[in-house]
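Novice: Test case, fold it:
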Amino acid sequence: MDFSFTDEQSMLRDSLASYLRDHYSFEQRRDALRSEAGWRPQVWKAFAQELGILGALFEEAHGGLGGGAIESMIIMEEFGKALVVEPYLGTVVIGGGFLKRASQASWAGEMIGRIIEGEVVIAFAYAEPQSRYAWTDIATTARREGQGYLLNGHKAVVVGAPWASHLIVTARTGGGQREGQGVSVFLVERDTPGVTLRDYPTADGQRAAEVFLENVSVPATALIGPEGAAAPLVEQVIDQAIAATCAEAVGVLRRLQEGTVEYTRQRRQFGQPISEFQVLQHRMVDMYIHLEQSVSMTYMAHIRLDEDATERGKAASAAKVQIGKACRFIGQNAIQLHGGMGMTDELAIGHHFKRATMIESAFGSTDHHLARYEGLSLGRAA
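Specialist: Next up, the predicted model:
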């Protein structure tokens with residue numbers, strides 16, 4: 001199978017890498033994390049106006065570049081290398097994933113245009129305190145109220161919510177708390193009365209929030225997808241998010257592996273670089289093997305995003321399993337080979353390790369996706 005990139009895709013990768021190299025150094029990122037905002041809105045504007053990557057995944061009819069899964073993979077890998085915190089995943093991959101399929105919503109095209117212009121930032125509020133990785137375990141409710149809906153509930157660890165102008169919220173309009181039936185999705189403006197956020201930084205330098213919805217009134221047009229039957233749509237978008245997160249992880253792991261090799265060439269012990277020690281060479285070879293396996297599985301996950309739900313889900317979960325194992329193996333060995341200094345704030349390696357650790361459990365742990373892969377395989381066989 002040919003995994004070669006087109007000339008346009010190579011140009012996208014090179015231009016983004018060049019911009020991040022010039023404007024997103026480790027020191028610039030660390031200063032942004034220490035600021036009150038926790039990110040740089042001017043970088044977000046540059047993504048929109050200078051690079052155009054906020055429109056890379058949207059159709060040309062909406063003002064986008066007409067890209068797809070491979071373009072998403074390229075962008076997310078470069079973001080992983082630079083540890084970009086700006087909410088591309090939540091806004092473009094997830095938010096855009098829902099809006100592109102909101103055919104019944106007359107405003108969807110306008111919202112996509114505003115995303116492309118950098119005017120809209122979206123956070124995905126789907127997890128709840130009791131749900132762990134079972135995203136269909138939804139206690140948040142949405143009941144009919146006049147010409148719209150009234151939302152009540154609590155969403156946990158909503159990444160990017162402190163920066164968001166809009167939230168995409170899963171809520172139950174019917175069915176039992178853990179059933180797939182009865183799940184609906186709504187677009188909610190962050191400043192809607194009744195929406196309360198409790199912001200906090202995450203271990204990897206991003207910002208998240210607990211989102212509380214108390215009698216939040218939204219119009220019927222805020223509904224994305226069919227009422228009570230949006231579970232397949234949510235699962236599809238989450239699989240896309242898993243694939244994109246795997247691509248980001250590849251960028252993170254590449255920096256961990258390359259940084260470790262470079263450090264062992266400089267660190268000397270017993271009169272020679274520690275990279276000359278055979279036992280450490282073997283370990284770094286194992287790190288490289290985990291990285292290359294992760295690259296292959298991530299490619300496969302993106303290639304299969306357009307297949308049926310079973311094959312798409314199996315590919316996404318298989319990639320997430322490999323990524324989870326690689327994040328742990330490469331991350332822990334990178335820190336061990338650096339020694340205690342690897343966890344200091346002054347070295348980029350520690351920041352990459354923290355991001356890899358968070359990715360390991362994002363959208364489900366390794367054990368969760370092993371179980372999901374098994375379930376999908378048995379269900380398909382049956």
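Novice: C-alpha only now, for contacts and for neighbours.
Specialist: OK.
Novice: counting contacts, what elements does the helix or strand hosting residue 315 pack onto?
Specialist: Using DSSP states H and E, residue 315 sits in helix 309-338. Helix 309-338 sits against helix 231-266, helix 278-303, helix 348-361, helix 366-381, with contacts defined as 3 or more CA pairs under 8 Å, 6 or more residues apart in numbering; DSSP states H and E.
Novice: Helix, strand or coil: sort out residue 196 for me.
Specialist: Secondary structure assignment for residue 196 (DSSP: H, G, I helix; E, B strand; the rest coil): strand.
Novice: contacting residues around it?
Specialist: 211, 212, 213 (CA atoms under 8 Å, 6 or more residues apart in numbering).
Novice: Okay, and the beta partners of the first one?
Specialist: Per DSSP bridges, the residues bridged to residue 211 are residue 155, residue 197.
Novice: which residues touch it?
Specialist: 125, 154, 155, 156, 158, 195, 196, 197, 198.
Novice: Quick one: residues contacting the second one.
Specialist: In other words, residue 154. 128, 129, 140, 210, 211, 212, 213.
Novice: hmm, 7 Å instead?
Specialist: By CA atoms under 7 Å, 6 or more residues apart in numbering, the residues touching residue 154 are 128, 140, 211, 212, 213.
Novice: which among the residues you listed gets closest to residue 26?
Specialist: residue 211 (30.4 Å; CA to CA).
Novice: Could you tell me the model confidence score at the closest one?
Specialist: On the pLDDT scale, residue 211 is placed at 98.
Novice: so how far is residue 312 from it?
Specialist: Per CA to CA, to the nearest Å, residue 211 is found 30 Å from residue 312.
Novice: Same check on residue 369?
Specialist: From residue 369 to residue 312 the distance is 13 Å (CA to CA).
Novice: cool, and residue 42?
Specialist: Noted for residue 42: a distance of 36 Å to residue 312, by CA to CA.
Novice: Comparing these two, which residue is more hemmed in?
Specialist: Neighbours per residue (other CA atoms under 10 Å) separate residue 42 from residue 312, with residue 312 holding more: 22 against 10.
Novice: wait, what's in contact with that one?
Specialist: Taking CA under 7 Å, 6+ apart, one finds 304, 305 in contact with residue 312.
Novice: Apply 8 Å and report the result again.
Specialist: Going by CA under 8 Å, 6+ apart, the list of residues near residue 312 reads 239, 301, 304, 305, 306.
Novice: Sort out which one of the residues you listed lies nearest residue 167 for me.
Specialist: Nearest member of those to residue 167, counting by CA to CA, is residue 239, at 18.9 Å.
Novice: The nearest residue to the closest one once chain neighbours are set aside and residue 263: what is the separation?
Specialist: The shortest distance from residue 239 to any non-neighbouring residue, by CA to CA, 6 or more residues apart in numbering, is to residue 316 (5.9 Å). Distance from residue 316 to residue 263, counting by CA to CA: 33 Å.
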